[in-house]
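**Student:** Any chance you can model this:
(chains A and B)
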There are 2 protein chains.
Amino acid sequence: MDHRLIEAVLAGQRRAVAKAISLVEDNGAEAQAVLAALFPHTGRAHIVGVTGPPGSGKSTLVNALALHFRRMDPPRTVGIVAVDPTSPFSGGAILGDRIRMRDLSGDRGIFIRSMASRGNLGGLAWATADAVKVLDAAGYDLVIVETVGAGQAEVDIARTAHTTVVVEVPGLGDDIQAIKAGILEIADVFAVNKADQEGADHAVMALQMMLDLSGGGGQRAVMHHGRLMAAATAPEGEEGGWQPPICKTVATRRAGIAGLAEAILAHRAYLEETGGLALRERERAAAELETIIQQESLRRVLARTGPDRLAALIGRIVRRELDPYAAAQELLFG
Amino acid sequence: MDHRLIEAVLAGQRRAVAKAISLVEDNGAEAQAVLAALFPHTGRAHIVGVTGPPGSGKSTLVNALALHFRRMDPPRTVGIVAVDPTSPFSGGAILGDRIRMRDLSGDRGIFIRSMASRGNLGGLAWATADAVKVLDAAGYDLVIVETVGAGQAEVDIARTAHTTVVVEVPGLGDDIQAIKAGILEIADVFAVNKADQEGADHAVMALQMMLDLSGGGGQRAVMHHGRLMAAATAPEGEEGGWQPPICKTVATRRAGIAGLAEAILAHRAYLEETGGLALRERERAAAELETIIQQESLRRVLARTGPDRLAALIGRIVRRELDPYAAAQELLFG
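**Tutor:** Residues are numbered from 1 along each chain as shown, chains lettered A, B, ... in the order given. Alright, predicted model coming up:
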């Protein structure tokens, strides 16, 4: 392992940070050693997840947030990991980087990295969590993870983040009610972006009503749904007192950004005061451990099973001679 | 195991089908036995994935499609699995069922089941694939899997389905371009729903342009991105000749549904003629086997590690005394 790389990352050198993220993204032999060396230096950054549907203006909002944090007193440094799971094969992530650079380039206190999925969520969630660790170890005060969300991506980001911001826009369709129900449990802060458009007040009201119906907030579930978390930790404390604020923003005009930033910092303070932070740290560790165990187990099964035998087993499944559960048993025990 | 249940499912009895799906959803001891017994009788249904952003009218479109397939000559029976990953804890799925029932109830040739995530994608993808198997074994000609998509859910549905329909709506936001790039590789058929709204022709044109730019179709990637698939199978044939058709629909008025249904059946015929069907069956088997190996490995690790030891390990990770990779190694080898 390159000890100079580790030292340079810990000193916050941008090129070293970029190189380290590339290493963990490629997940090669060096990645684990680098992460192991950086890991003791993590745990200081506040990790913010920002998620919302396509077209909600998340990227612009994250840019505006980052600029705001830079200008606060004291100024915060910001690392951004933009996860682009919708573009598994294309250069979309790189394009995104270029667009962002126009706004944020030149500020040494901001670091942006886009990550595209390579076709498998486990891999992406893993690489994202590792990139967050690199930025955390490099000393960024805030690390913002931005992801296009509907569905599982949102649950994953809530597992990774200390504070999850759910971005909504006015005038979404009729299945919004069903969606909100799930969103309530991951949102710590709501941003209704494009709030200058028709229907913004309605969207705020609808969110507020959902929050009221659900018992006035504090419904953010502890994410111990993974088997490992369920086995290893009982819920130690509830976060009953937090009311997810709803912030109206117009990211393109940088309106409402200060309020959103305050809401994020207030949530951080709340977590620290109530012990909720420790609970979320345990959740994050459990979720990550679970992912690593699954990936590593699969790697080991593949390493000891040759491609011919795998191809033969898959052939038997396709011909319905062997069911997939039985095939898995054969691979695990055979 | 209840052999009468198996026989009743194979005879297509609705209550037995519902019970079997509940069994596989709960993933209890009986589930694997039931699936193993049903598995040899699967492989006849055509599996259609329908995915699209929130508010695109997917559910209405799927309802309209199902009604159309019922009225075709010959009439097709249709099983619907509505996956609701955004609503992990709530009753959203049940509400959805009730709304649907109004349209489709009374038709014995349609079976609808909503499935909500319980906080973990592996679990949901698994349960969905198993529910599809039950409906397949019960003799439904078509099984439609509907999911709110942006991101990973779409890739997963493409892995499960023979034919993936991507639903778009006019006038989505500015990150649509980036999204399309990923969508191109999973879409076999496009539906531009709400095509009576402004911007429908523009949306069709934009999709057509993306298709043309990407080389005129046939870009649907073989989904062998999972490690197991990559290890077990080389791409055996390309599906170079399929041009994903773009269908304009207005699901609420049941307009354009016949064309969409034809496109789905044409894609099935194409897959059968070119050997693409066999390739997709291998992909599906590999993806499923991979998931089962991961889940089963995790289950075994947990079974032999007590909750106290797990909690202690997680504590050491949180205190940064042990990195998650090292912790995983300890659990796997210790």
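**Student:** So which residues of chain A form helices?
**Tutor:** Assignment of helices within chain A using DSSP state H yields the ranges A:3-10, A:14-26, A:29-38, A:58-71, A:92-104, A:121-137, A:152-160, A:176-184, A:200-213, A:227-232, A:257-274, A:276-304, A:307-318, A:324-333.
**Student:** Next up, the contacts around A:Phe69.
**Tutor:** By Cβ atoms under 8 Å, 6 or more residues apart in numbering or on different chains, A:Phe69 lies in contact with A:Pro75, A:Arg76, A:Val78, A:Asp141, A:Leu142, A:Ala261. From N, CA and C alone the C-beta is placed, and that goes for glycine too.
**Student:** quick one: it from A:Asp196, how far?
**Tutor:** Summarising the geometry, the distance separating A:Phe69 from A:Asp196, computed by Cβ to Cβ, to the nearest Å, is 23 Å.
**Student:** just A:Met115 next, same as before
**Tutor:** A:Met115 sits at a distance of 31 Å from A:Asp196 (criterion: Cβ to Cβ).
**Student:** Repeat that for A:Ala11.
**Tutor:** Using Cβ to Cβ, A:Ala11 is found at 43 Å from A:Asp196.
**Student:** Among these two, which residue is more densely surrounded?
**Tutor:** A direct count of neighbours by other Cβ atoms under 10 Å in any protein chain shown for A:Ala11 and A:Asp196 places A:Asp196 higher, at 14 against 11.
**Student:** The nearest residue to that one once chain neighbours are set aside: neighbouring residues, count only.
**Tutor:** The shortest distance from A:Asp196 to any non-neighbouring residue, by Cβ to Cβ, 6 or more residues apart in numbering or on different chains, is to A:Val250 (5.0 Å). By the criterion of other Cβ under 10 Å, A:Val250 has 20 neighbours.
**Student:** ok so, going back, who wins for most neighbours among the contacts of A:Phe69?
**Tutor:** When the contacts of A:Phe69 are compared by neighbour count (other Cβ under 10 Å), A:Val78 ends up highest, at 26 neighbours.
**Student:** Which pLDDT does the model give it?
**Tutor:** Looking at A:Val78, its pLDDT is 97.
**Student:** List just the nearest of the contacts of A:Phe69 to chain B.
**Tutor:** Minimum separation from chain B among the contacts of A:Phe69 (Cβ to the nearest Cβ) is found for A:Asp141, which lies at 17.8 Å.
**Student:** Correct me if wrong: that closest one contacts A:Val48.
**Tutor:** No - under the contact definition of Cβ atoms under 8 Å, A:Asp141 does not touch A:Val48, with a separation of 10.7 Å.
**Student:** count of residues packed around the residue of the stretch 1-150 of chain A found nearest chain B?
**Tutor:** Among all residues of the stretch 1-150 of chain A, A:Gly55 sits closest to chain B, at 2.2 Å; criterion: Cβ to the nearest Cβ. For A:Gly55, the tally of surrounding residues (other Cβ under 10 Å) stands at 20.
**Student:** that older thread, just the ones of the contacts of A:Phe69 in strands?
**Tutor:** If you go by DSSP state E, the contacts of A:Phe69 have A:Val78, A:Leu142 in strands.
**Student:** outside of stretch A:253-268, which residues touch it?
**Tutor:** A:46, A:48, A:61, A:64-65, A:67-69, A:72, A:162-163, A:165, A:188-189, A:191, A:195-196, A:242, A:245, A:247-251, A:277.
**Student:** Quick check: A:Phe190 touching A:Val166?
**Tutor:** Yes - under the criterion of Cβ under 8 Å, A:Phe190 lies in contact with A:Val166, with a separation of 5.5 Å.
**Student:** With just CA atoms, put stretch A:190-204 into CSV.
**Tutor:** Extracted in CSV, the C-alpha atoms of stretch A:190-204 (Å, rounded to 0.1, in the frame of the first residue of the first chain):
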residue,chain,number,x,y,z
PHE,A,190,-38.2,18.0,3.4
ALA,A,191,-37.3,20.4,0.7
VAL,A,192,-40.1,21.5,-1.6
ASN,A,193,-38.0,22.7,-4.5
LYS,A,194,-39.2,24.8,-7.5
ALA,A,195,-41.4,26.5,-4.9
ASP,A,196,-42.2,29.4,-7.2
GLN,A,197,-44.2,27.0,-9.4
GLU,A,198,-47.9,26.5,-9.1
GLY,A,199,-49.0,24.0,-6.4
ALA,A,200,-46.0,24.6,-4.0
ASP,A,201,-48.3,25.5,-1.1
HIS,A,202,-50.4,22.5,-1.9
ALA,A,203,-47.4,20.2,-1.8
VAL,A,204,-46.3,21.7,1.5
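**Student:** and the gap between A:Ala251 and B:Lys19?
**Tutor:** Summarising the geometry, the distance separating A:Ala251 from B:Lys19, computed by Cβ to Cβ, is 49 Å.
**Student:** The two: which is more packed in?
**Tutor:** Neighbours were tallied for A:Ala251 and for B:Lys19 using other Cβ under 10 Å; the higher tally belongs to A:Ala251 (24 against 16).
**Student:** Thought A:Ala195 was touching that one, still the case?
**Tutor:** No - counting by Cβ under 8 Å, A:Ala251 sits too far from A:Ala195 to count as a contact (9.4 Å).
**Student:** beta partners of A:Val165?
**Tutor:** Beta-bridge partners for A:Val165, by DSSP bridges, are A:Val50, A:Val189.
**Student:** residues touching it, list them.
**Tutor:** Neighbouring residues of A:Val165 by Cβ under 8 Å, 6+ apart: A:Val48, A:Gly49, A:Val50, A:Thr51, A:Ala187, A:Asp188, A:Val189, A:Phe190, A:Ala191, A:Leu260, A:Ile264.
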